[in-house]
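Peer 1: Provided below for reference: sequence and predicted model.
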Amino acid sequence: MNDEDKPLEEIQNQNENEAPEEAEEILLPKKQEKALVSGQSHPDKLFLLPLNRRPFFPGMAAPIVIEPGAYYEVLKTVAKTEHKCLGLFLTHKEDANIYKLGIGDLFQVGVVARILRIIPIEQGGAQVVLNMEKRVVIDKPIKGKYLSAKVHYQDDPPVESLSKELKAYSISIITTIKQLLNLNPLFKEELQIFLGHSDFTEPGRLADFAVALTTATREELQEVLETFDIQARIDKALMLLKKELDISKLQSTINQRIEATISKTQREFFLREQLKAIKKELGMEKDDKTVEAEKFEERLKERKVPDEVMKVIREEQDKLATLEIQSAEYGVCRNYLDWLTIVPWGIFSQETHDLRKAEKVLEEDHYGLKDIKERILEFIGVGKLTGGVKGSIICLVGPPGVGKTSIGKSVARALNRKFFRFSVGGMRDEAEIKGHRRTYIGAMPGKMIQALKSAQTMNPVIMIDEVDKMGMSYQGDPASALLEVLDPEQNRDFHDHYLDVGADLSNTLFILTANVIDTIPEPLKDRMEILRLSGYIQAEKIEIAHKYLVPRNRKNMGLKASDIVFTKGALAQIINGYAREAGVRSLENNIKKVLRKVAVKYARLSDEKRASHPKTVVSETSLKEYLGKPIFLSDCFYTKMPVGVSTGLAWTSLGGATLYIEAVRYPAEKTEMKLTGQAGDVMKESAQIAWTYVHSRSHDYAPEIPFFEKSQVHIHIPEGATPKDGPSAGITMVTALLSLLMNRPVRENLGMTGELTLTGRVLPIGGLKEKLIAARRSKLTTLIFPKENLRDYDELPDYLKKGLDVHFVEDYDEVFPIAFPHEKRHVSPKKHAVARKKVHRAKKS
């Protein structure tokens, strides 16, 4: 029993089980294409697809968008069949709900269409390309989940030879189409190709094609579709074509009438132009006012100025014409007109959305930053589908020197847009953003309008640097002024105080940069999409120096590749000994310093000696000749960890860093704890929590040792000139105190971070990537992180995690055996962990 003999519902269920979860682009196989050309038969049972607007005719090929839902499931089912055919039928009512239709709501004559291609749409559904093949008539509906029916097909009768009447009809249709082309050149090229290759041997097909070109009503088109007799069909098609010709003639008459009404204005324009030419030939002098007026008019010709703005410009031009050049008002009015006409109204850069080009540009300009590049490519891809990149505000957050500004330049280059950058660091006046009132002396527009003037397009990429360092004074709050600029719903009609007319900034792409987001006001932060750029590890810095920094600066210093080369060992030594920041700015400065010294050496040589001079090789041994002794000797203060010292991991605005906690004890009458090292309030509380926790659990970890009896404990955090704060040093402080209490050193090459509660629970922390980079830089091989940060750790690239032994803990009882692997506890930490989990569940319930 083949599929033709089965009920449609059974075929559908069978195909649904076989169909994939998501539709993929489907092309007609070559085997089926051959069968189609040779006249493949059509099934007598079809799924039906209702149409609301216009019917289709045989011989057409057209794309249709199928939205997610029942008909999308039908499409996937039909795509799995061998024939790939479905029926297209027009609904009786144009506004009918296609999801609530029965067979009786459709016209009984339609077309059978074969699926050529299915292209999935990102938002859901698909675009399907169909080939309309024959007229089809519904015989009997089939009960099922979807619309389906038994059908029979209506072929045009074969025409052995054209009768004189049919030939006359065909010639008349073609003549009418040619007349339509002269009046309305829509689809002119396609129609000329069809007419040039038609031999008029199929009058039925010609009638179908001709009637499909008209703007006739859906009922008139359906009537032609239901006409099986060739003579009657071609007669109706000719009538509809004649109506279309009459409409086109009427439209042409209306256009001629409108042109006649504006001819007077054009005549006056030509006369003015002739008058200008005569004055120029006679050598008549132009005063400054005329020159200014002509300059403004020339600018307006190149722009598409909105009506509201044009009205203001014309008023100011009339005002300028009445003022004397010597008057103070003349200068104010002229400057205002100058700004109004220099804004690039209606001028846009031709934007490109080539993802391959964008990816190539990003790879050329930056190494690494995979997640940032992927997000930017997603951003450009969405712009390609929506017709333009707009509406999103990107904020790049990261330490100095990681490439935030250069990423903005790369985005502008990838999109083929103009780039404008300005910094708001230290800005205290909101007039810098929104401009000054024209009543002030020296008034001028704000940075947004200045950016449009500089870029000379209405869709530039504007980078606002250092947005986290804006100030506030009696002159206003620039951050509040940015709220309107960065809101896609408000900046469509941005009003600068100086221009005082609406300017559309919605097509502008704003990219902001910041080192930290804590100082950015919350309302402003809500309008941004935060993208974080962490620091680079040593391997990444070496590649960046090798591929970008050395070649670029070598060229700037006038040196050739044959003059100097840096070994990878030398670059690693520069990174470890001279440039230990998260970014690459210090690394580049040190490379420049080496290149300048080499350039001086070559500058003292003659051309002959330089040609024969051997290549300068900068290695680890010769590096001190150029840079002197290393600034940084080691991240580690200790060659061997002493008692009472543990290593923590910290996050700073410059990236990650290691943080040592030192604890010592000395005799005293009262047992108490003292903290030094410029610790902030939160860190002071963490130290107090660590002290209380060790005091309450000392009998578990050191059962035979009294808790610092007749001793005072001093906890210090080295580098006392640097302020420190945050809760993530909790477990590090506990470890240092336990090391001091038990007189046992902490495990070598161990780093840890995590906030601690009074009950010993370890809470998650932020800046995991930066802290991991700091651990690698300090050559720590064993790390302890909170278990709730496992998700953040899994998202990190593999090269960052390579060679590290990372432990994720929920309770300090899990930290103790890692930090002190040879120590035994009096009470099993597993029992404490179970008890704490019960308490935690009780709190949740």
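Peer 2: Received the coordinates, thanks. Fair warning: this is a prediction, and the values are worked out from it, not measured in the lab.
Peer 1: number of nearby residues for V136?
Peer 2: Close neighbours of V136, defined as other Cβ atoms under 10 Å, add up to 26. Using the backbone N, CA and C atoms, a C-beta is placed for each residue, glycine as well.
Peer 1: hang on, it in a strand?
Peer 2: Yes. The assignment for V136 is a strand, going by DSSP: H, G, I helix; E, B strand; the rest coil.
Peer 1: what about F816, which helix or strand?
Peer 2: Following DSSP states H and E, one finds F816 within helix 812-819.
Peer 1: for that helix, which helices and strands make contact with it?
Peer 2: Applying 3 or more Cβ pairs under 8 Å, 6 or more residues apart in numbering; DSSP states H and E, we find helix 812-819 packed against helix 730-742, strand 750-752, strand 762-763, strand 782-786, strand 805-809, helix 829-844.
Peer 1: quick one: I530 from K80, how far?
Peer 2: 44 Å (Cβ to Cβ, to the nearest Å).
Peer 1: so for these two, which sits in the more crowded spot?
Peer 2: K80 (17 against 13).
Peer 1: report the buried residues of the helix holding F816.
Peer 2: For helix 812-819, burial by neighbour count (16 or more other Cβ atoms under 10 Å) applies to Y812, D813, E814, V815, F816, I818, A819.
Peer 1: which element is the nearest residue to M60 once chain neighbours are set aside on?
Peer 2: Nearest non-adjacent residue to M60, counting by Cβ to Cβ, 6 or more residues apart in numbering: M132, 4.6 Å away. According to DSSP H and E, M132 maps onto strand 126-141.
Peer 1: continuing past that strand, what's the next helix or strand?
Peer 2: Moving toward the C-terminus from strand 126-141, the next helix or strand (DSSP H and E) is strand 148-154.
Peer 1: pretty sure S739 sits against S646.
Peer 2: Yes. Checked against Cβ atoms under 8 Å, the pair S739 and S646 is within contact range at 6.4 Å.
Peer 1: which neighbours do those two share?
Peer 2: V746, A819 (Cβ atoms under 8 Å, 6 or more residues apart in numbering).
Peer 1: between the two, which one's more packed in?
Peer 2: Under the criterion of other Cβ under 10 Å, the comparison of S739 against S646 puts S646 first, with 28 against 23.
Peer 1: can you give me every residue that contacts that one?
Peer 2: Y660, I661, T732, M733, T735, A736, S739, V746, L750, M752, A819.
Peer 1: look up how far K560 lies from it.
Peer 2: 51 Å.
Peer 1: next one: P706
Peer 2: Distance from P706 to K560, by Cβ to Cβ: 73 Å.
Peer 1: how about P141?
Peer 2: Separation of P141 from K560 (Cβ to Cβ): 82 Å.
Peer 1: which stretch in the helices and strands packed on helix 812-819 has the least confidence?
Peer 2: Lowest mean pLDDT within these: helix 829-844, at a mean of 46.
Peer 1: which residues in the stretch 401-550 of the chain form strands?
Peer 2: 419-423, 461-465, 494-495, 502-503, 509-514, 529-532 (DSSP state E, counting those that start in this stretch).
Peer 1: looking at those, spot the one closest to E94.
Peer 2: strand 502-503 (38.9 Å; Cβ to Cβ).
Peer 1: picking that back up, thinking the residue nearest to M60 is in contact with L51, fair?
Peer 2: No. M132 sits out of contact with L51 when judged by Cβ under 8 Å, with a separation of 11.4 Å.
Peer 1: quick one: common contacting residues for those two?
Peer 2: L88.
Peer 1: what's the per-residue pLDDT of P745 here?
Peer 2: 91.
Peer 1: for the nearest residue to it once chain neighbours are set aside, give its distance to A62.
Peer 2: Among residues not flanking P745 along the chain, M641 sits closest, at 4.8 Å (Cβ to Cβ, 6+ apart). For M641, the distance to A62 equals 76 Å [Cβ to Cβ].
Peer 1: ranges for the helices of the stretch 651-800 of the chain?
Peer 2: Secondary structure of the stretch 651-800 of the chain by DSSP state H, counting those that start in this stretch: the helices cover 681-701, 730-742, 768-777, 790-794, 798-801.
Peer 1: the helices in the stretch 51-200 of the chain, which residues?
Peer 2: 70-79, 164-183, 188-197.
Peer 1: winner for burial among those?
Peer 2: With neighbours taken as mean count of other Cβ atoms under 10 Å, the helices of the stretch 51-200 of the chain reach their highest mean count in helix 70-79, at a mean of 20.
Peer 1: so M239, which state does it fall into?
Peer 2: Per three-state DSSP, M239 ends up helix.
Peer 1: state the distance from it to E219.
Peer 2: 14 Å.
Peer 1: repeat for K418
Peer 2: K418 is 53 Å from E219, by Cβ to Cβ.
Peer 1: over to A514?
Peer 2: Applying Cβ to Cβ, the value for A514 to E219 is 62 Å.
Peer 1: cool, and Y498?
Peer 2: 59 Å.
Peer 1: pLDDT at the closest residue in space to N749 that isn't next to it in sequence, what is it?
Peer 2: With sequence-adjacent residues excluded and distances taken as Cβ to Cβ, 6+ apart, N749 is closest to T781, at 4.6 Å. For T781, the pLDDT comes out at 89.
Peer 1: if we can go back for a sec, I'd like the helices of the stretch 51-200 of the chain as JSON lines, with distance to H699 and mean pLDDT appended.
Peer 2: Below are these laid out as JSON lines (distance: least, Cβ to Cβ, whole Å; pLDDT from 0 to 100):
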{"stretch": "helix 70-79", "distance to H699": "67", "mean pLDDT": "87"}
{"stretch": "helix 164-183", "distance to H699": "100", "mean pLDDT": "76"}
{"stretch": "helix 188-197", "distance to H699": "91", "mean pLDDT": "57"}
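Peer 1: quick one: contacts for R777?
Peer 2: R777 neighbours (Cβ under 8 Å, 6+ apart): I537, Q538, N576, R580, D635, G656.
Peer 1: buried ones in stretch 631-651?
Peer 2: Applying 16+ other Cβ under 10 Å to stretch 631-651 flags D635, M641, V643, G644, V645, S646, T647, G648, L649, A650, W651 as buried.
Peer 1: which one of those residues is nearest to L282?
Peer 2: Closest approach between the buried residues of stretch 631-651 and L282, by Cβ to Cβ: W651, at 76.9 Å.
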